[in-house]
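Q: I would like the atomic coordinates for the input below:
(one chain, ligands or ions: 1)
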Amino acid sequence: MGADAQGPLTSPITSKNLSVIERSKQLAAWTAVDNHVKSEHRVIGIGSGSTVPYVVERIVMQGPEVNEGRLFIPTGFQSKELIVKSGLSLGDVDQYPTIDVTIDGADEVDKQLNCIKGGGACHLREKVLAEAAKTFVLVADYRKNVEYLGTNFKPGVPIEVVPFAYAKVLQNLHHALDCPQATLRMAVAKAGPVVSDNGNFIIDAPFSMERMKDPYTIMVQIKMLTGVVEVGVFCHMAVAAYFGNQDGSVTVKYSDGQVKTINPPQ
Ligand SMILES: O=C(CO)[C@H](O)[C@H](O)COP(=O)(O)O
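A: Here you go, the predicted model:
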């Protein structure tokens, strides 16, 4: 799989005034699109977050002829707006439960391509679209490329819960799962908790680094708590993760353990 990876293309149209971090996100997104979104793909999942607009930007650059007849499936309000405003056609996963390729951002990705998602509270739909996809690809800047989850991303594991069960789930996290710092995520420009696109609450649960070395066990333990809708830990789902680097290169980690660095054009 690594063998056919292409490098980032030259002459980016929007990169002139980008900060290093934004440029890194764009590089990751563009390279992932170039390597994984092929003209024959008709149903494409679009994830959430600040890296994903560059995914859509690159898909739009594939041209109207290629995008005509394609359907784009969003993971939430933000990506739905992005699809519509870019002039692409919207579909939904209940109509199209098999997706050719889904590209999404991540809060952190470990060496086995396990990742934390849900910083934007979209991880329920994101996981459905990741599972529905024949190919699931992650894109992020260099800060998200870690050996173990929880290295840089400190809020903890995002957990979507049905509102009436939140206090019970918090109690379970504090006592049964020994996660005393788990808290309900509060909104910034609204009094009260963050409410997801599905009308649910979000809990952030930080676990010790030692425990984050086994993300699958944490994911299963949390998911077993009644009232939990979905856990923002994705295990064994992505085939590749693209990270834009500060020097203009792109690091690609593959699910088979290969790591490749694509150097910037000279
Ligand atoms: O999981 C997500 C939203 O629920 C995002 O994909 C994740 O938070 C990464 O976002 P960004 O690209 O802005 O860093």
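Q: if I pick the residue nearest the centre of the chain, what's in contact with it?
A: Among the residues of the chain, the one closest to the centroid is G105, at 3.1 Å (CA atoms, centre = their mean). By CB atoms under 8 Å, 6 or more residues apart in numbering, the contact list for G105 reads 47-52, 117, 138-140. Where you see a C-beta, it was placed from the backbone N, CA and C, and this is true even at glycine.
Q: Return only those of those residues found close to the ligand.
A: Among the contacts of G105, proximity to the ligand is found for 47-51, 117 (CB under 6 Å from any ligand atom).
Q: What subset of these is buried?
A: Among the ones next to the ligand among the contacts of G105, those classed as buried by 16 or more other CB atoms under 10 Å are 47-49, 51, 117.
Q: Please produce JSON lines containing those, extended by distance to S19.
A: Listed next are those as JSON lines, based on distance: CB to CB, whole Å:
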{"residue": "G47", "distance to S19": "21"}
{"residue": "S48", "distance to S19": "21"}
{"residue": "G49", "distance to S19": "16"}
{"residue": "T51", "distance to S19": "13"}
{"residue": "K117", "distance to S19": "23"}
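Q: Relative to G199, which of those residues is nearest.
A: Nearest to G199 among these, counting by CB to CB, is S48 at 16.7 Å.
Q: Name all residues that make contact with the closest one.
A: With contact taken as CB under 8 Å, 6+ apart, S48 is in contact with 75-76, 78-79, 104-105, 120, 122, 126.
Q: Pull up the residues of the stretch 101-250 of the chain that are close to the ligand.
A: Residues of the stretch 101-250 of the chain lying near the ligand (CB under 6 Å from any ligand atom): 104-107, 117-123, 126.
Q: is it possible to export the residues you listed to JSON lines including secondary structure, pLDDT and distance to E210?
A: As requested, these are arranged in JSON lines below (DSSP: H, G, I helix; E, B strand; the rest coil; pLDDT from 0 to 100; distance: CB to CB, whole Å):
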{"residue": "D104", "secondary structure": "strand", "pLDDT": "98", "distance to E210": "28"}
{"residue": "G105", "secondary structure": "coil", "pLDDT": "98", "distance to E210": "26"}
{"residue": "A106", "secondary structure": "coil", "pLDDT": "98", "distance to E210": "22"}
{"residue": "D107", "secondary structure": "coil", "pLDDT": "98", "distance to E210": "19"}
{"residue": "K117", "secondary structure": "coil", "pLDDT": "98", "distance to E210": "22"}
{"residue": "G118", "secondary structure": "coil", "pLDDT": "98", "distance to E210": "22"}
{"residue": "G119", "secondary structure": "coil", "pLDDT": "97", "distance to E210": "22"}
{"residue": "G120", "secondary structure": "coil", "pLDDT": "97", "distance to E210": "27"}
{"residue": "A121", "secondary structure": "coil", "pLDDT": "98", "distance to E210": "27"}
{"residue": "C122", "secondary structure": "coil", "pLDDT": "98", "distance to E210": "28"}
{"residue": "H123", "secondary structure": "helix", "pLDDT": "98", "distance to E210": "23"}
{"residue": "E126", "secondary structure": "helix", "pLDDT": "98", "distance to E210": "27"}
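Q: Which residue, other than its chain neighbours, is closest to the residue nearest to the centre of the chain?
A: G49 (3.5 Å; CB to CB, 6 or more residues apart in numbering).
Q: That neighbour looks like it's in a strand, true?
A: No. Counting by DSSP: H, G, I helix; E, B strand; the rest coil, G49 falls outside a strand, being coil.
Q: Verify the stated contact: it with G120.
A: Yes. At 5.3 Å, G49 counts as touching G120 under the criterion of CB atoms under 8 Å.
Q: ok, the closest residue to the ligand within the stretch 1-150 of the chain - contacts?
A: Taking CB to the nearest ligand atom, the ligand has its nearest neighbour within the stretch 1-150 of the chain at G49, 2.5 Å off. For G49, the contacting residues are 78, 104-105, 119-120, 122, by CB under 8 Å, 6+ apart.
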